[in-house]
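Novice: Sharing a model prediction with you, sequence too.
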Amino acid sequence: MENRFLRLALLLAIIVTLLSYWNHGWVSYLKDFVVFIHEAGHAIATLISGGSVQMIELNGDEAGQTVASPTSGKSPFIFVVSAGYLGSCLVGGFLISRGFKGSLVRPTLLLLGGAVLLLTLKYTSSGGLAQRTGLLWGIFLLISSFLPFGWDRLITVFLGTSVSLYSLYDLLDFTENVQNTDAGILAYWATGTSPGGTVPKSVLFLGYLIALLWSFFSVSIIFFSLKRAVAPRPVPDETPGFDEGPVVGLDNPFPGEVTPEVLEWFLSRGLDLNGKPLPPEFMDIERIDG
C-alpha cells in the first residue's frame, strides 16, 4: 500500500461498497459494531474519569445506551457524554492510519479486540445483542491480528473506513430530535432541566450548538486521518559513496576558495576547515583510502 493512488482507490472502493449495500443484512453487523464502539467510548471515558459502569446495551435499531455513574463534577460528565461520537471517530481514524502505514497493526487489533471482549464480558447482559456483537467482533479482531500476507492491514483499513463512515452518518441524528441524542443529554444537564414534556428552547439551542461542535471535531479527526493516510511518503535522498553524514566544517567552510594543498594540509592533521578535529569514523576512512 505504498502507492498513493492505490490507497485512494482502496478507500473509494470500500466506501462505494458500503454505500451500495448500506441496507443489506451483512452491513447491519458492521453498524452494530460501530454502535458498540460508540457505547464503549462512554464506558471507557467513565472508567478513566473514576466513575462506574453498570451496563452496555444495544437496541437493534442502530441505537444503544450505556448505564454509568460518572464522578461528580462538570468536567467528567462532559468528557463521558462527548466520548461517544468523538471516540468512534478517533477509533476509525486511528485504524485507517495504522492500516495504511503498516506499523503496529497486530498490537492495534489485539488491543482493540481485547478491549471489546473485556467490556463485553463485564458489562453486557447474557444473551443480549450487545454481548453477541462484542463476542463476535472481539474474537474476529483477535484472529485478524495473526492473518498473513497483509490481510491484517486490509481488515484494519476496512474496519477503520467503516467506523469512520458510519460515525459521520451518525451525525445526521442531530438533524432530527437533537434532544434525544447525546448532545441533548448534555444540553439538559447544562441548563438544569429535566427531559419530558415540551422541550425548552434553551435545550434546543444549546443542543444544536453542541452538535455543531462535535460534528466539527468529528469531521476534522477523520479528515486529517485520511489526509495522513493517503499522503505520499517522502523519499530520502541517496548520496553515492560516503553517507555517514556531513563532515563537520566541510559543509560550511570559511569563505574563499580552498586549494587542494590547503585542504590536504588540514586533512593530514586531522582537522576540518574550521580547525576542529574530524570525526573518528572519517579518519578511519582516510587511513583506509591512504
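Specialist: Arrived safely, thanks for sending. Numbering: from 1, shown residues only.

Novice: wouldn't residue 207 be in contact with residue 177 here?
Specialist: No - shown here, residue 207 and residue 177 do not form a contact pair, counting by C-beta atoms under 8 Å, at 9.6 Å. C-beta: built from backbone N, CA, C; applies to glycine.

Novice: All the strands of the stretch 51-200 of the chain, in order from the start?
Specialist: All strands of the stretch 51-200 of the chain, identified by DSSP state E, counting those that start in this stretch, fall at 52-58, 64-69.

Novice: Out of the ones you listed, flag the one nearest residue 229.
Specialist: Shortest separation from residue 229 across these is recorded for strand 64-69, at 28.1 Å, computed as C-beta to C-beta.

Novice: quick check: angle from that closest one to strand 52-58?
Specialist: Note on geometry: by axes from the mean of the first three to the mean of the last three C-alpha atoms, to 10 degrees, strand 64-69 and strand 52-58 are set 170 degrees apart in direction.

Novice: Who are the packing partners of strand 64-69?
Specialist: Using 3 or more C-beta pairs under 8 Å, 6 or more residues apart in numbering; DSSP states H and E as the contact test, the elements touching strand 64-69 are helix 25-48, strand 52-58.

Novice: One more pass at 10 Å, please.
Specialist: Counting contacts by 3 or more C-beta pairs under 10 Å, 6 or more residues apart in numbering; DSSP states H and E, the secondary-structure elements packed against strand 64-69 are helix 25-48, strand 52-58, helix 74-101, helix 105-123, helix 129-144.

Novice: closest to residue 276 out of the ones you listed?
Specialist: Evaluated with C-beta to C-beta, the helices and strands packed on strand 64-69 place helix 74-101 nearest to residue 276, the distance being 40.0 Å.

Novice: model confidence over the closest one, on average?
Specialist: Along helix 74-101, the predicted confidence averages to a pLDDT of 91.

Novice: what's the spacing between that helix and its chain's center?
Specialist: Offset of helix 74-101 from its chain centre (C-alpha atoms, centre = their mean, to the nearest Å): 7 Å.

Novice: Flag every buried residue along it.
Specialist: Neighbour-count burial for helix 74-101, with 16 or more other C-beta atoms under 10 Å as criterion, is recorded at 76-100.

Novice: Let me know the helix or strand that residue 205 is in.
Specialist: Secondary structure here is read from DSSP states H and E; on that basis residue 205 sits in helix 201-230.

Novice: packing partners for whichever helix or strand comes after that helix?
Specialist: Scanning forward in sequence from helix 201-230, with DSSP H and E defining helices and strands, the next element found is helix 260-268. For helix 260-268, the helices and strands in contact under the criterion 3+ C-beta pairs under 10 Å, 6+ apart are helix 280-289.

Novice: Lowest average confidence across the strands of the stretch 51-200 of the chain, which one?
Specialist: Taking each of the strands of the stretch 51-200 of the chain in turn, the one with the lowest mean pLDDT is strand 64-69, at a mean of 91.

Novice: List the buried residues of stretch 143-153.
Specialist: Of the residues in stretch 143-153, those scored as buried under the neighbour-count criterion (16+ other C-beta under 10 Å) are 144, 145, 152, 153.

Novice: If you could redo that for stretch 194-212, that was the one I meant.
Specialist: By neighbour count with 16+ other C-beta under 10 Å, stretch 194-212 contains the buried residues 199, 203, 206, 207, 208, 210, 211.
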